[in-house]
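Participant: sequence below, structure please.
(one chain, ligands or ions: 3)
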Amino acid sequence: MEQIEPERMKVFVTGETGQVVKALIKLADQDRLDVYTAGRPWLDLSELTDDTKCEHLSSMIEDISPDVIVNAAAYTNVDKAQEEGDMAAAVNASGAGAVAMVARKLGLPIIQISTDYVFDGSKSAEIFDEDNPEYSDYDAEDIADIKANVDDGTYKEGDLTNPKSVYGQTKLEGEKLVAYVNPCHVILRTSWVYSETGNNFLKTMLRVGAEREEVGVVDDQFGAPTHADAIAAGIVQIVKNLVESPENEELYGVFHMTCRGTTSWHGFAEAIFKASSLAGGPNPKLNAITTEEYPLPAPRPVNSRLNCEKIARVHNVRLPAWEDLIMKTVVKVLG
Ligand SMILES: NC(=O)C1=CN([C@@H]2O[C@H](COP(=O)(O)OP(=O)(O)OC[C@H]3O[C@@H](n4cnc5c(N)ncnc54)[C@H](OP(=O)(O)O)[C@@H]3O)[C@@H](O)[C@H]2O)C=CC1
Ligand SMILES: Cc1cn([C@H]2C[C@H](O)[C@@H](COP(=O)(O)OP(=O)(O)O[C@H]3O[C@@H](C)C(=O)[C@@H](O)[C@H]3O)O2)c(=O)[nH]c1=O
Ligand SMILES: [Mg+2]
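Facilitator: Residues are numbered from 1 along each chain as shown. Ligands and ions are numbered 1, 2, ... in the order given. Now for the predicted structure:
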């Protein structure tokens, strides 16, 4: 019987060195996926106010003829963005908007990566006290029903945004521009990205852990560390869905996509050093501190927890638990 080769998918990705970009390139070897990238100096998102540069980008993408464009390049230095607001906005807002416009003119969908930092982090869980006399007449089924609908404090896609940092503000502007110029958009908000490459908290911990006997890490900001490999796998699933059902409107819009579960930065550090000590790497004394004890230029959200039910339901994307990918990453970083 004749074998039909499944069609290969092609994505064009902005950025060359970023954590998510590199993870997508790695997946290209395995997943009937071709990944084309462009980054600085050839493609500088802050320069896309220049029409000629947009045209160059457009004709490059046209030659490649991808199925989807992924905008994975961004100004990601959260503290420096407080001082360099114009540059952060040029990359994260106008730059993202320009890439989305190029995509729209070529009739292509865009996947825009965004962040938990678009929220102010003040959302809290609803408390449901089953023993409250108010509920004494309720039967078990009613109680179960109420329990299932109690808000656990995770942010849903439609929750009010209110970024506290310049980085978060510019990323939110980017979301809005992308959505405005290209109806075929998937805005993916993720959080606390780490991998064996680039700059991230896991690598910082292993570096400072090797230099110091004690490390203090904040224990009052909560979120989900998310490996870039898991994000890349999620993106590939989304690309498949868009290629298979481009007319399905449900596939477009804003989605939250992080690894499963919650921890604090301190909990994340604890898991990193536990893995590190097993692998013969640094294992300093780890102290839990408060945000006030670790002052930084940019405020971070206290609650960065994103509810990922929508992307599971619509795109069938479920990322692994946040702990699952730490050991292998630590081993790779320690080399
Ligand atoms: N890192 C995180 O913790 C999180 C990231 N995100 C979002 O996920 C996406 C991917 O992040 P991540 O992979 O961590 O990014 P990285 O910080 O690892 O890399 C950023 C990438 O953007 C590129 N870049 C920066 N400025 C420009 C510019 N002016 N023009 C072109 N390219 C530029 C960099 O290129 P160069 O090598 O030239 O500097 C690099 O390739 C971003 O949209 C980010 O906002 C969301 C949540 C958490
Ligand atoms: C290095 C270090 C950080 N911290 C604290 C500071 C801060 O509250 C928290 C995280 O610090 P970082 O600066 O590494 O992380 P930060 O740059 O804020 O990470 C963010 O990056 C952007 C791009 C995102 O989109 C976010 O999702 C998030 O991942 O840990 C300590 O308490 N002790 C330490 O030794
Ligand atoms: Mg940082």
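
Participant: so which elements touch the helix or strand containing A230?
Facilitator: For A230, the host element (DSSP states H and E) is helix 228-244. Using 3 or more CB pairs under 8 Å, 6 or more residues apart in numbering; DSSP states H and E, the elements in contact with helix 228-244 are strand 9-14, helix 19-28, strand 68-71, strand 110-115, strand 185-190, strand 193-194, helix 309-315. All C-beta atoms are positioned from the backbone trio N, CA, C, and that covers glycine.

Participant: list the buried residues in the last one.
Facilitator: Using 16 or more other CB atoms under 10 Å as the burial criterion, the residues of helix 309-315 that qualify are 310-312, 314-315.

Participant: closest one to D79 out of those, please.
Facilitator: Checking the buried residues of helix 309-315 against D79 with CB to CB, the nearest one is I311 at 29.3 Å.

Participant: let's have the buried residues of helix 309-315 in TSV, adding distance to ligand 2 and pLDDT.
Facilitator: Converted to TSV, the buried residues of helix 309-315 look like this (distance: CB to the nearest ligand atom, whole Å; pLDDT from 0 to 100):
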residue	distance to ligand 2	pLDDT
K310	19	98
I311	17	98
A312	20	98
V314	22	98
H315	20	98
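
Participant: got the end-to-end distance for stretch 300-316?
Facilitator: Stretch 300-316 has an end-to-end distance of 30 Å (CA to CA, to the nearest Å).

Participant: of all of the stretch 201-335 of the chain, which residue lies closest to ligand 1?
Facilitator: Among the residues of the stretch 201-335 of the chain, A228 lies closest to ligand 1, at 6.0 Å counting by CB to the nearest ligand atom.

Participant: check what pLDDT that residue gets.
Facilitator: On pLDDT, A228 comes in at 98.

Participant: could you do I231 as well?
Facilitator: I231 is assigned 98 on the pLDDT scale.

Participant: what residues are up against it?
Facilitator: The contact partners of I231, taken as CB atoms under 8 Å, 6 or more residues apart in numbering, are 20, 23, 113, 188, 190, 193, 257, 319.

Participant: of these, which ones also sit close to ligand 1?
Facilitator: The subset of the contacts of I231 within reach of ligand 1, by CB under 6 Å from any ligand atom, is 20, 113, 190, 193.

Participant: the second one contacts I69, correct?
Facilitator: To tie it back to what came earlier, the one meant is I113. No. With contacts counted by CB atoms under 8 Å, I113 stays clear of I69, the gap being 11.7 Å.

Participant: report the beta-bridge partner residues of the spatially most central residue of the chain.
Facilitator: Centroid-nearest residue in the chain, with CA atoms, centre = their mean: T190, separated by 2.4 Å. Taking DSSP bridges as the rule, T190 bridges to T115.

Participant: residues contacting it?
Facilitator: With CB under 8 Å, 6+ apart, T190 has these contacts: 113-116, 226, 231, 256-258, 306.

Participant: and it, how far from T14?
Facilitator: From T190 across to T14, the span is 16 Å (CB to CB, to the nearest Å).

Participant: what separates the helix or strand of the chain with the lowest mean pLDDT from the chain centre, distance-wise?
Facilitator: Using mean pLDDT, DSSP states H and E, helix 140-149 stands out as the lowest-scoring helix or strand of the chain, at a mean of 87. Distance of helix 140-149 from the chain centroid (CA atoms, centre = their mean, to the nearest Å) equals 32 Å.

Participant: now what about that helix, what contacts it?
Facilitator: Helix 140-149 is contacted by residues 128, 130, 135, 138 when judged by CB under 8 Å, 6+ apart.

Participant: for the second one, phi and psi?
Facilitator: Here is the backbone geometry of E130 (degrees, to the nearest 10): phi -60, psi -30.

Participant: how close does the residue of the stretch 1-150 of the chain found nearest ligand 2 sit to ligand 1?
Facilitator: Nearest residue of the stretch 1-150 of the chain to ligand 2 (CB to the nearest ligand atom) works out as T115 at 3.5 Å. From T115 across to ligand 1, the span is 4 Å (CB to the nearest ligand atom, to the nearest Å).

Participant: who are the contact partners of that residue?
Facilitator: 167-168, 171, 189-191.

Participant: ok, now L172?
Facilitator: Listed by CB under 8 Å, 6+ apart, the contact set of L172 reads 114, 118, 161, 163.

Participant: any idea how the protein splits into domains?
Facilitator: The chain breaks down into these domains under automatic domain parsing: 9-119+155-200+225-261+304-321, 124-153.

Participant: can you say which of the ones you listed is packed in most?
Facilitator: domain 9-119+155-200+225-261+304-321 (a mean of 20; mean count of other CB atoms under 10 Å).

Participant: can you get me the start-to-end distance on that one?
Facilitator: Counting by CA to CA, you get 27 Å between the two ends of domain 9-119+155-200+225-261+304-321.

Participant: can you check stretch 171-189 too?
Facilitator: Using CA to CA, the end-to-end distance of stretch 171-189 comes to 10 Å.

Participant: and that stretch, does that touch ligand 2?
Facilitator: No. Figure legend: stretch 171-189 not in contact with ligand 2 (CB under 6 Å from any ligand atom); closest approach 7.2 Å.
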